[in-house]
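Participant: Here is my input, please return the structure:
(2 chains)
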Amino acid sequence: MTLGYTGRVPSSGYVEIDHTADWALRVHGVDLADLLQQAAAGMLALAGAVPVLDAGTQALTLQLQAADRETLLVRWLEEVLFLVESRSRLPVHIQMEIDPELHLAARLELAPLARLSRAIKAVTFHGLRVIDTSEGLEATLVFDV
Amino acid sequence: MVHKKDMQRVGPVVWEIPSTFRPDMRVPVRVLADERLLDAALGDESLTQAVNASTLPGLVSHVTVMPDVHQGYGFPIGGVAAARISDGVVSPGAIGYDINCGVRLLSSAIPLDDVRPLLGELASALDAHCPSGVGTKGSLPLTAKELDRVCREGAAWALKEGWATAEDMACTEENGRIDGADPDCVSERARQRGRPQLGTLGAGNHFVEVDVVEQVLDARAAQAMGLQEGHLALQIHCGSRGFGHQVCSDFVAELQPATRRYGIQLPDRELVCAPIESPEGRRYLAAMACAANYAFANRQILAHHARAAFEDVLRGRVRRWELHQVYDIAHNMGRIEEHTVAGRRERVCVHRKGATRAFGPGFAGLPPQYRPLGQPVLVPGSMGTASWVLLGSAASMEISFGSCCHGAGRVMSRHQAKRTVRGERLRQDLEQAGVHVRAGSLPGLAEEAPQAYKDVDAVVEVVTQAGLATKVARLRPVAVVKG
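Facilitator: This is a model prediction of the structure:
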């Protein structure tokens, strides 16, 4: 998936929802890998992360494993946040596979970060449930800012 | 969802949600609020989150909700809960990601009238000296060994490095160093995030603000603090940066299976916890102490930078430009303290998330000038409104485990603020009102608009009426630096 894509498929995308102090996103995906990628796209959009488009990209492979879908979602987003904050890079293209045992294998194309407007301190587990819907999966994420 | 009909009024500004409200509650919830602030608290998930917090094992008494409460994640911002050491738990999410986020206040003998034309220059100098903004790196990257020393020594590390004075240390909660810090309990990722960020403000609601002391209401206390009507003061609001955020993230993840292993049922995974005396609980408290000490050192270095900015602009233009520390307090912290519970002295772990300590007169941990008065409590408002300096009272020990409010409290979502406020317009309005603003991000400025916050004066009226604290002075902003 190329990040920045959202909303063309009704069952896939993200929308910002109101939260008094922090930021919250409702995310939809056709499957778990899509949900994770949409969540990353939404989180980076909230943070106002903009890549340098003509600077070339670096590839990064990433492997994660978690006991449940929610933990995998949080761990994945924390990895993306860490790349942005500590390496000043953000994924612009992602290939991801997740097996039934919740092993995630991803290949990320990372572009240098041109601009970041807002800081996200952490991805929280607050009220977090990955729910099966008729069109795929849905989750509501709260970010501490 | 909690409704007003679910609550009983048990005092002029005290409302109780009884422990019968929901079967999984272990203790009641007490909300400190007037009618209007209560309505605001009922407008989001704050009180549901407080009810969720009341399900934590081993709580010795009610969960207290401050009048500046707002919805957070897991535990509400503006919540206090005390857990017994023997059978209670510690919950990282009930302390927060920005461990030891807090406020430092410094006083001066600089009359506003003498420097009014220099305020813009002063704001720019503060902006230049205090690194701020999203993901900012500081000017003193730490080696691994230096980071360990910061973790163990806190502001004392800054003193040894020449960034602090002995007066600063004495006027900082716990003298700027929490016992029990063990850097071995901190992950490599937290270290990576922490090493470049010491001495930085960050972004969001963090700020450096020049205020004028608008009104003194307790002359004796104000004199002890060096606060004089018409003179400048300075506030610094920030915390433990990416270091603390990572420590909390690590333990919220680590405690997910631990909570299940200890057979603890919770209504929200963000409240994951471990028995205080368990290996996991001890490790979290040791790592939390590292982040708390990092935050004390961080605010200390920012105070040093602010002093340099004042000197750069004001030396030779006013007679005295020095800044003296009034106090530095945490408002996201878990502390092992001794309190009276049902007539007996008991050691408890007090979780304060968006709430400050507010110990009354006689507390041995206070410097001599404050011991007969009580602990200074700093309540910053939003950037266009007042801030308050209070004194903790003896009554706060019974009402709220020696705790008080931490600010004005948000009432409007960031999303709504972005929709209704334009950053550039807000900056112009503030400048016209005499507040010089330096902001790294205009959308970020809009999210922190004064109208997004509650009335800080009303919040302070409630805590004083409830008996948690007494008023010392009201401050008004004249220059604000935001990341």
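
Participant: Packing partners of the longest helix anywhere in chain A?
Facilitator: Determined from DSSP state H, the single longest helix within chain A is helix A:69-87. Applying 3 or more CB pairs under 8 Å, 6 or more residues apart in numbering or on different chains; DSSP states H and E, one finds that helix A:69-87 makes contact with helix A:32-46, strand A:58-65, strand A:89-98, strand A:103-115, strand A:122-123, strand A:136-144, helix B:188-194, helix B:241-261. C-beta coordinates here come from the backbone N, C-alpha and C atoms, glycine included.

Participant: Direction-wise, compare it with strand A:89-98 and give the angle.
Facilitator: 150 degrees (axes from the mean of the first three to the mean of the last three CA atoms, to 10 degrees).

Participant: So which bits of helix A:69-87 are buried?
Facilitator: A:69-86 (16 or more other CB atoms under 10 Å in any protein chain shown).

Participant: Now do the contacts for the spatially most central residue of chain A.
Facilitator: By CA atoms, centre = their mean, the mean C-alpha position of chain A lies nearest to A:Ala40, the distance being 1.5 Å. Neighbour list for A:Ala40: A:Leu3, A:Trp76, A:Leu77, A:Val80, A:Pro91, A:Ile94 [criterion: CB atoms under 8 Å, 6 or more residues apart in numbering or on different chains].

Participant: which of those lies closest to chain B?
Facilitator: Chain B lies nearest to A:Leu77 out of the contacts of A:Ala40, by CB to the nearest CB, at 10.3 Å.

Participant: looking at it, that closest one is touching A:Ala39, isn't it?
Facilitator: Yes. Under the criterion of CB atoms under 8 Å, A:Leu77 makes contact with A:Ala39 at 6.0 Å.

Participant: shared neighbours of the two, which are they?
Facilitator: Joint contacts of A:Leu77 and A:Ala39 (CB under 8 Å, 6+ apart) are A:Leu141.

Participant: one step back: most neighbours per residue, which of the helices and strands packed on helix A:69-87?
Facilitator: strand A:122-123 (a mean of 26; mean count of other CB atoms under 10 Å in any protein chain shown).

Participant: can you list contacts of that strand?
Facilitator: By CB under 8 Å, 6+ apart, the surrounding residues in contact with strand A:122-123 are A:Met43, A:Val74, A:Leu77, A:Glu78, A:Leu81, A:Leu141, A:Phe143, A:Asp144, B:Tyr97, B:His245, B:Cys248, B:Ser249.

Participant: how does it look with 7 Å?
Facilitator: A:Val74, A:Leu77, A:Glu78, A:Leu81, A:Leu141, A:Phe143, A:Asp144, B:Tyr97, B:His245, B:Cys248, B:Ser249 (CB atoms under 7 Å, 6 or more residues apart in numbering or on different chains).

Participant: Number of residues surrounding whatever residue of the stretch 351-483 of chain B ends up closest to chain A?
Facilitator: With CB to the nearest CB as the measure, B:Ser413 is the residue of the stretch 351-483 of chain B nearest to chain A, at 4.3 Å. Counted with other CB atoms under 10 Å in any protein chain shown, the neighbours of B:Ser413 add up to 23.

Participant: and if you look at B:Arg371?
Facilitator: Using other CB under 10 Å: B:Arg371 sits among 14 other residues.

Participant: quick one: it from B:Leu42, how far?
Facilitator: Using CB to CB, to the nearest Å, B:Arg371 is found at 40 Å from B:Leu42.

Participant: Same question for A:Leu141.
Facilitator: Look at A:Leu141 and B:Leu42: by CB to CB, they are 24 Å apart.

Participant: Identify the nearest residue to the closest residue to chain B within chain A in space, disregarding sequence-adjacent positions?
Facilitator: Closest contact between chain A and chain B, by CB to the nearest CB, is at A:His126 (3.5 Å). Leaving aside its sequence neighbours, A:His126 sits nearest to B:Tyr73 (CB to CB, 6 or more residues apart in numbering or on different chains; 3.5 Å).

Participant: for that neighbour, phi and psi?
Facilitator: phi -140, psi 120 (degrees, to the nearest 10).

Participant: can you pull up the bridge partners for the residue of chain B found nearest chain A?
Facilitator: Using CB to the nearest CB, the closest approach of chain B to chain A is made by B:Tyr73 at 3.5 Å. Per DSSP bridges, the residues bridged to B:Tyr73 are B:Phe75.

Participant: who touches it in this structure?
Facilitator: A:Asp22, A:Thr124, A:His126, A:Val142, A:Asp144, B:Gly93, B:Glu270.

Participant: 6 Å instead, please
Facilitator: Counting by CB atoms under 6 Å, 6 or more residues apart in numbering or on different chains, B:Tyr73 touches A:Thr124, A:His126, A:Val142, B:Glu270.

Participant: Alongside chain B, which residues does chain A contribute?
Facilitator: A:16, A:18-21, A:85-86, A:116-119, A:121-122, A:124-126, A:142, A:144-145 (CB under 6 Å from any CB of the partner chain).

Participant: rerun at 7 Å
Facilitator: With CB under 7 Å from any CB of the partner chain as the criterion, chain A meets chain B at residues A:16, A:18-23, A:67, A:71, A:78, A:82, A:85-86, A:116-119, A:121-122, A:124-128, A:142, A:144-145.

Participant: Name the surrounding residues that touch stretch B:12-27.
Facilitator: Against stretch B:12-27 from outside (CB under 7 Å, 6+ apart): B:2, B:6-10, B:28-34, B:38, B:47, B:51, B:54-55, B:59, B:61-63, B:267, B:462, B:465-466.

Participant: so of those, which ones are in helices?
Facilitator: Judged by DSSP H, the contacts of stretch B:12-27 include B:Leu38, B:Leu47, B:Val51, B:Val462, B:Gln465, B:Ala466 as members of helices.
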